[in-house]
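Enquirer: predicted model and sequence below, questions to follow.
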Amino acid sequence: PSAQQLTLAQTDVCNDCHSPDGTYDGVNNLVSGAKPNWKAGIYDPATQTLPAGKEKWCAGCHDESPSYMQNVIAPMVIGDEQASTQYGTGYGFYKTGHGLPATSAYPWTVKPGSTQQRMGAGLTCESCHDSTKPHIDGARTYAYPGTPASYQAGYRLKSVNGNPPMMIPRTPNTGGGILASDFNLCFRCHDSGPFVSYADKRTNFRNDMTGVNDHTFHLGEDSAFFQSDWGPVQGTSGDSRATCIQCHNVHGSPQLAMITNGDLNYLYPGITISYSQDGSTTPTGLTLPDSQYSIFLPDAANLPVCAKACHGVAGPVYRRTPFDNVAPLITGVHGPIGNAVISARFTEGVTGPGGVALTPAAFTVVDPGGRTVVSVWHNPGDAIAVLTLSSPLAAAGVTVAAASNAIFDLAGNVMVPSPVVVDGTDTTRPTATITSPVNGATNVLIGTTLVFTLADDQSGVDWSSFQIQFSGSKGYSATYTAADTSVLTRAGNALNFSVNARPLIAFNLDEDIVVALSAKDIRGNVLLPPAWSFHTQAAVVAQTVRLHPSGLATGSSPWAIVPSGGWPASLDSNDGDTSYASHVANGATDSFTVSMDDLPAASVIQGIQFGAVIRTLDGTTPANPYASATLFDIGYQTSATLSGTVTWKDAGGTTIPGNTATYTLIQSAVYTLNPGDGPLTLPDINNLKILVRRLSTGSHIDRVTEVWADVTYMP
């Protein structure tokens with residue numbers, strides 16, 4: 001009775017356990033603080049789950065000023081949302097972890113203009129954790145050695161369809177391979193393929209130098225390098241094979257891709273990995289779309305598990321072209337009331353299953369009027385589709401979504417439903433941008449290709465209204481519509497047209513040409529036509545065009561094409577080594593063959609010259625050039641089928657300085673005869689194949705990063 005009576009507002013006995021300090025005040029916060037919820041409680045009494053609006057209850061104890069209870073410090077699950085990191089300000093569950101809202105992108109993927117920005121998962125603590133299970137036990141939640149059952153109980157993880165969430169500690173699979181069931185909780189959302197299938201390269205943790213998927217390489221390792229409670233026994237005599245959480249802090253870290261930094265177990269510095277452009281330097285803040293390498297950077301004073309287990313102080317370097325693992329989304333659906341035609345837009349180019357055009361089955365419609373999609377106009381790879389409904393829209397509120405497993409981007413990522421309400425408010429008029437020839441150009445070839453782009457109007461272009469009209473000062477006149485596919489070819493996101501000038505369009509010499517474009521969008525907004533005129537050449541002169549590969553002509557073994565199956569993207573430009581034919585072997589005279597793009601219609605072939613850009617590396621450090629360049633032959637063949645002995649037209653090649661010290665340019669002489677010693681003709685060029693042959697032995701790596709043929713012809 002003599003003791004001083006304190007009110008709930010005055011007492012500070014809650015502070016150690018609920019932690020008022022840090023970003024999230026676990027004591028006084030009006031929504032999820034301990035004191036405001038003291039009488040009513042925080043959990044729903046019926047389900048023992050957190051009610052809507054109170055999902056951040058856990059954050060008060062697990063932020064950068066964590067709870068301290070019975071000599072146990074709560075792990076920094078929420079991280080530090082004010083800390084400065086290489087990707088900006090803040091990290092943790094709601095900033096860089098699985099709690100990042102779906103409206104925000106993970107910072108290490110953010111590159112302006114890139115469609116590969118990966119959006120947040122928008123999960124809550126209860127997405128993975130079972131709040132009905134005991135939590136505050138005054139000891140480490142889970143202790144080594146343990147069992148999968150004690151691991152699940154210790155971390156209060158939810159079962160997945162009645163099965164264990166994670167097999168930790170993880171023991172060898174007696175049947176061989178990697179079991180997806182070892183990671184049920186992760187694969188509830190993530191596609192298991194890139195992690196359990198050695199042939200699945202849809203991961204950015206891979207090495208294009210060796211062709212190895214390093215996720216499966218590490219998960220397939222049978223040795224127990226990992227102490228399952230993150231204790232000090234790492235890389236020597238642990239109790240578990242590698243698991244997802246050995247390397248990743250799913251609650252978020254200041255590093256790329258949620259790579260652990262030690263916050264969960266206070267074993268710093270965790271695992272240090274950085275993105276790189278050249279395999280040696282580590283610029284601060286470099287994002288995934290900008291990078292060509294991932295570099296492991298161990299701390300010699302405090303080696304993480306990777307260094308203790310295998311890698312030592314000199315960590316590995318992983319060379320890979322960034323893989324797009326971001327699912328496409330519907331960004332908008334547009335169409336006016338009273339019209340049965342609407343357009344759906346996507347964040348990037350899409351296809352149906354197997355790369356086909358989208359069909360009505362790709363979409364679901366929620367509509368009180370019962371409307372369905374009866375037809376779809378879509379080119380595979382376009383970022384827009386035009387949908388025709390069973391009847392005109394009568395009112396607002398109709399919703400369109402992707403059907404399950406029906407729409408994919410070009411990297412194979414499947415679209416989630418992403419329902420969007422049809423918007424009928426577009427009043428923007430479409431515009432056109434002239435690419436070639438520019439307005440006012442002179443000396444334009446009479447057989448030129450005209451290229452223009454209709455602006456990315458949000459409603460989509462009504463191609464039935466499109467026309468292009470030509471009128472010339474010497475009498476040339478022509479009109480074409482989108483239906484004239486022999487002249488007009490759709491490309492890209494369904495908004496680009498290219499007028500293939502010959503033989504259907506052949507302007508007169510020394511003629512003024514005026515071009516008129518007309519079109520409407522689906523809402524009926526009329527195109528703002530640009531001024532477009534040009535003057536043709538006064539006389540016919542020889543032209544030279546550079547042809548690049550259209551695909552492999554024969555098997556390339558022992559050469560490897562990177563990325564695998566990447567034609568025609570590979571070998572079409574010396575683009576920073578992102579695509580190439582690679583060869584590591586002790587044998588010489590190994591060759592690969594490519595088929596070339598067809599030449600536009602031509603009258604007389606005057607000559608052909610071909611070449612390649614080659615980078616020779618030392619075979620151990622991916623960025624290091626080899627001491628002496630490999631010798632190569634370049635050959636060509638012009639028959640429709642490749643058979644018999646190839647005639648090598650440039651034995652040994654001619655080596656001249658490349659574009660950098662680490663590249664070599666191999667270029668042939670100019671040839672006027674085919675291998676049969678007859679004059680070169682258009683069919684010869686259209687059946688052209690180029691061969692590149694390595695002449696020297698050795699274990700160094702050769703990369704052919706570009707192959708081309710320069711053809712001179714009279715139009």
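Expert: Structure received. Here the structure is a predicted model, which is why all the values come from computation and not from measurement.

Enquirer: got phi/psi on residue 185?
Expert: phi -70, psi -40 (degrees, to the nearest 10).

Enquirer: residues contacting the nearest residue to it once chain neighbours are set aside?
Expert: Excluding the flanking residues, the one nearest residue 185 by C-beta to C-beta, 6 or more residues apart in numbering is residue 165, at 3.7 Å. In short, each C-beta sits where N, CA and C put it, glycine included. By C-beta atoms under 8 Å, 6 or more residues apart in numbering, the contact set of residue 165 is 128, 152, 157-159, 184-185.

Enquirer: am I right that residue 165 is in a helix?
Expert: No - under DSSP: H, G, I helix; E, B strand; the rest coil, residue 165 sits outside any helix and is assigned coil.

Enquirer: that older thread, can you tell me which of the contacts of residue 165 are buried?
Expert: Among the contacts of residue 165, those buried by neighbour count (16 or more other C-beta atoms under 10 Å) are 128, 152, 157-158, 184-185.

Enquirer: out of the residues you listed, name the ones that lie in helices.
Expert: Using DSSP state H, the subset of the buried ones among the contacts of residue 165 located in helices is 152, 184-185.

Enquirer: all strands for the stretch 551-700 of the chain, in order.
Expert: 560-562, 580-584, 590-596, 604-617, 632-637, 655-657, 664-667, 689-694 (DSSP state E, counting those that start in this stretch).

Enquirer: same check on the stretch 351-500 of the chain?
Expert: Remark: strands assigned in the stretch 351-500 of the chain by DSSP E, counting those that start in this stretch are 363-366, 373-377, 384-389, 399-402, 408-409, 420-423, 432-436, 441-444, 450-454, 461-472, 477-481, 488-491, 496-499.

Enquirer: I'd like those as CSV, with mean pLDDT and distance to residue 225 appended.
Expert: Written out in CSV, the entries for the strands of the stretch 351-500 of the chain read as follows (pLDDT from 0 to 100; distance: least, C-beta to C-beta, whole Å):
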stretch, mean pLDDT, distance to residue 225
strand 363-366, 93, 47
strand 373-377, 93, 51
strand 384-389, 90, 49
strand 399-402, 94, 41
strand 408-409, 92, 36
strand 420-423, 89, 47
strand 432-436, 83, 56
strand 441-444, 92, 65
strand 450-454, 76, 54
strand 461-472, 86, 57
strand 477-481, 87, 66
strand 488-491, 60, 50
strand 496-499, 52, 52
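
Enquirer: which among the ones you listed is found nearest to residue 297?
Expert: Of all the strands of the stretch 351-500 of the chain, it is strand 408-409 that lies closest to residue 297, at 32.0 Å by C-beta to C-beta.

Enquirer: show the contacting residues for residue 192.
Expert: Neighbours of residue 192 in contact, by C-beta under 8 Å, 6+ apart: 180, 183.

Enquirer: can you redo the contacts of residue 165 as JSON lines with distance to residue 295 and pLDDT?
Expert: Shown next, in JSON lines, are the contacts of residue 165 (distance: C-beta to C-beta, whole Å; pLDDT from 0 to 100):
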{"residue": "128", "distance to residue 295": "30", "pLDDT": "95"}
{"residue": "152", "distance to residue 295": "35", "pLDDT": "94"}
{"residue": "157", "distance to residue 295": "33", "pLDDT": "95"}
{"residue": "158", "distance to residue 295": "36", "pLDDT": "95"}
{"residue": "159", "distance to residue 295": "38", "pLDDT": "96"}
{"residue": "184", "distance to residue 295": "32", "pLDDT": "96"}
{"residue": "185", "distance to residue 295": "29", "pLDDT": "96"}
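
Enquirer: from residue 511, how far off is the nearest residue to residue 477 once chain neighbours are set aside?
Expert: Distance criterion C-beta to C-beta, 6+ apart; nearest residue to residue 477, sequence neighbours excluded, is residue 471 at 5.4 Å. Plainly put, residue 471 is 10 Å away from residue 511 if you go by C-beta to C-beta, to the nearest Å.

Enquirer: the more surrounded of the two?
Expert: Remark: of residue 471 and residue 511, residue 511 carries more neighbours, 18 against 15, as counted by other C-beta atoms under 10 Å.

Enquirer: any idea how far that one is from residue 437?
Expert: From residue 511 over to residue 437 the distance is 13 Å, taken as C-beta to C-beta.

Enquirer: the residue nearest to residue 477 against residue 512, yeah?
Expert: No - here residue 471 does not reach residue 512: they are 9.1 Å apart, not a contact under C-beta atoms under 8 Å.

Enquirer: re the thing from before, mean pLDDT for the strands of the stretch 551-700 of the chain: which is lowest?
Expert: The weakest mean pLDDT among the strands of the stretch 551-700 of the chain belongs to strand 655-657, with a mean of 47.

Enquirer: of all the strands of the stretch 551-700 of the chain, which one is nearest residue 85?
Expert: Evaluated over these, closeness to residue 85 peaks at strand 560-562, with 31.9 Å, by C-beta to C-beta.

Enquirer: pLDDT at the residue nearest to residue 185, what is it?
Expert: Each residue has a pLDDT score; the one for residue 165 is 96.

Enquirer: ok, now residue 208?
Expert: Predicted confidence (pLDDT) for residue 208: 82.

Enquirer: with the one 5 residues further on instead?
Expert: What the model reports as pLDDT for residue 213 is 92.

Enquirer: list the contacts of it.
Expert: Residues in contact with residue 213 (C-beta under 8 Å, 6+ apart) are 194, 197-201, 203, 205-206.

Enquirer: what pLDDT does residue 458 get?
Expert: As predicted, residue 458 sits at a pLDDT of 70.

Enquirer: ugh, typo on my part, it should be residue 351
Expert: 95.

Enquirer: count the residues that sit near it.
Expert: By other C-beta under 10 Å, 21 other residues sit near residue 351.

Enquirer: distance of the nearest residue to it once chain neighbours are set aside relative to residue 352?
Expert: Using C-beta to C-beta, 6+ apart and skipping the chain neighbours, the partner closest in space to residue 351 is residue 380 (4.5 Å). Computed as C-beta to C-beta, the residue 380 to residue 352 distance reads 8 Å.

Enquirer: and the two? which has more neighbours close in?
Expert: residue 352 (17 against 14).

Enquirer: contact partners for the more buried one?
Expert: Residue 352 neighbours (C-beta under 8 Å, 6+ apart): 358-359, 362, 380, 406-408.

Enquirer: recalculate using a threshold of 10 Å.
Expert: By C-beta atoms under 10 Å, 6 or more residues apart in numbering, residue 352 lies in contact with 358-359, 361-362, 376, 378, 380, 406-408.

Enquirer: drop anything exposed from those residues.
Expert: The neighbour-count criterion (16+ other C-beta under 10 Å) marks 358-359, 362, 376, 378, 406-408 among the contacts of residue 352 as buried.

Enquirer: between the residues you listed, which is nearest residue 539?
Expert: In terms of C-beta to C-beta, no member of these lies closer to residue 539 than residue 378, at 44.3 Å.

Enquirer: that closest one is in contact with residue 463, isn't it?
Expert: No - contact between residue 378 and residue 463 fails when scored by C-beta atoms under 10 Å: they sit 11.9 Å apart.

Enquirer: run through the residues that contact the closest residue to residue 198 other than its chain neighbours.
Expert: Spatial nearest neighbour of residue 198, chain neighbours left out: residue 216 (4.8 Å); criterion: C-beta to C-beta, 6+ apart. Contact criterion C-beta under 10 Å, 6+ apart gives 177-178, 193-201, 203, 205-206 as the residues in contact with residue 216.
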